[in-house]
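A.B. asks: the amino acid sequence is not available; the structure is as follows:
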């Protein structure tokens, strides 16, 4: 049914389990899930010509082009998350003696209930909602439509949210004094110059960790870039293909070189001898030479956690709690909380489409600056 259709997944299977696979799905758990998942990936149809169309050089090239565009429809992290969602759901179905497709609202409702209640550790409401989005996406790639408004799904999900929903857990903001203490812990070797530029640039730009590592020196340097940098006398301009689309981020020069993000970036590029390609790359073990391999965004998260500990930030808490408090989003929250300027400028820098979203990042704003009680005459 699905063969020859424009299946927009690369690395996912477009096939449902065969009767042989189903017969192997014993509740005893003897099925080698890893082996089946690997076979699923190998059997992926990906994008192909319709079965009634004869292949040709031109059409085959267009298939490759369409496949490349399909891969670019979502970020790598999103695709990985959706892949894990699908793998978890199909494994759950096999354990229950069911098939994952075509989509059954009744079975998906039971799946959501299982996620919320255990016996494994119950998932948060936001994670369950994300799992459902992952299933909807995966079914769409297989030519099916998952109706999230179906009563078997919508009613169960509404009940889960009503019973288990909690206020969103916010990461701690890294404030100005914190970021200064963090960069002060870094050495002045090549690796230290790079990490100092990452922290200062991420903080001043309110950047996501993926936006930091996706930067190239120039436009169109590499095919996997997500933006580039232009230097000016008064600062640097980052052009980013971000989560919400293309946007420009202006990074002004600081009051002194020691804490200026633009100066830190220039120092890193100069001593690493980088004038083309990825801005932030790995270094040799001795920290004296730069490689040509782009850093993974997980490096930013690890860097933040390590320097938070080294700088003694929130030393009143146990180490495990301190590590859990800070993440890549702490840089964005820090800018939103520390920059004492009109809110609209912070909103533009963070790339938010609404002021309400920006306010979620502000950990210490003046909540009662506008007093509607007094304005109403009370």
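C.D. replies: Nice, thanks for sending it over. Note that the structure is a prediction, hence the values are computed from the model and not measured.
A.B. asks: name the residues of stretch 120-131 that are buried.
C.D. replies: Within stretch 120-131, the residues that count as buried by 16 or more other Cβ atoms under 10 Å are 123, 125, 128-129, 131. For the C-beta atoms, the positions are set from N, CA and C on the backbone; glycine is no exception.
A.B. asks: how far is that stretch from where the chain is centred?
C.D. replies: The chain centroid and the centroid of stretch 120-131 are separated by 17 Å under Cα atoms, centre = their mean, to the nearest Å.
A.B. asks: now stretch 86-96
C.D. replies: Between the centre of stretch 86-96 and the centre of its chain there are 24 Å (Cα atoms, centre = their mean).
A.B. asks: try stretch 268-288
C.D. replies: 24 Å.
A.B. asks: and if you look at stretch 301-314?
C.D. replies: 21 Å.
A.B. asks: what residues does that stretch touch?
C.D. replies: 172, 174, 178, 181-186, 195, 198-199, 209, 319, 321-323, 325-328, 330-331 (Cβ atoms under 8 Å, 6 or more residues apart in numbering).
A.B. asks: what bits of the stretch 151-300 of the chain have low per-residue confidence?
C.D. replies: The stretch 151-300 of the chain contains residues with pLDDT under 70 at 167-169.
A.B. asks: and if we set it to 90?
C.D. replies: By pLDDT under 90, the low-scoring segments of the stretch 151-300 of the chain are 164-177, 188, 203-210, 223-224, 241-249, 255, 258, 284-288, 292.
A.B. asks: tell me which stretches of the stretch 251-378 of the chain form helices.
C.D. replies: Counting by DSSP state H, counting those that start in this stretch, one finds helices in the stretch 251-378 of the chain at the ranges 261-272, 298-310, 319-325, 329-338, 343-350, 355-361, 372-375.
A.B. asks: what's the most buried one of those helices?
C.D. replies: A comparison of the helices of the stretch 251-378 of the chain by mean neighbour count, using mean count of other Cβ atoms under 10 Å, puts helix 329-338 on top with a mean of 24.
A.B. asks: that one to helix 298-310, inter-axis angle?
C.D. replies: Helix 329-338 and helix 298-310 meet at an angle of 60 degrees, taking axes from the mean of the first three to the mean of the last three Cα atoms, to 10 degrees as the criterion.
A.B. asks: now helix 329-338: how far from the chain's centre is it?
C.D. replies: 17 Å.
A.B. asks: helices or strands up against that helix?
C.D. replies: For helix 329-338, the elements it packs on are helix 176-184, helix 190-205, helix 343-350, helix 355-361, judged by 3 or more Cβ pairs under 8 Å, 6 or more residues apart in numbering; DSSP states H and E.
A.B. asks: which outside residues touch the helix or strand just after the second one?
C.D. replies: Following helix 190-205 in sequence order, the next helix or strand is helix 209-213 (DSSP states H and E). The contact list for helix 209-213, computed with Cβ under 8 Å, 6+ apart, reads 75, 77, 198, 201-202, 205, 226-227, 240, 242, 278, 280, 294-301, 328, 331.
A.B. asks: for the stretch 101-250 of the chain, which segments count as strands?
C.D. replies: 215-216, 227-232, 235-242, 245-252 (DSSP state E, counting those that start in this stretch).
A.B. asks: which one of the buried residues of stretch 120-131 sits closest to residue 48?
C.D. replies: Residue 48 lies nearest to residue 131 out of the buried residues of stretch 120-131, by Cβ to Cβ, at 28.4 Å.
A.B. asks: what's the distance between that closest one and residue 115?
C.D. replies: 7 Å (Cβ to Cβ, to the nearest Å).
A.B. asks: anything in contact with each of those two?
C.D. replies: Residues touching both residue 131 and residue 115 by Cβ under 8 Å, 6+ apart: residue 123.
A.B. asks: residue contacts, residue 205?
C.D. replies: Per Cβ under 8 Å, 6+ apart, neighbours of residue 205: 211, 238, 249, 251, 261, 335, 349.
A.B. asks: burial measure for residue 66, as a count.
C.D. replies: Residue 66: 15 surrounding residues under other Cβ atoms under 10 Å.
A.B. asks: hey, least reliable of the helices of the stretch 251-378 of the chain by pLDDT?
C.D. replies: With a mean of 62, helix 355-361 has the lowest mean pLDDT of those.
A.B. asks: domains in the protein, by residue range?
C.D. replies: Using automatic domain parsing, the domain ranges for the chain come out as 19-164, 176-361.
A.B. asks: just name the most buried of those domains.
C.D. replies: domain 176-361 (a mean of 18).
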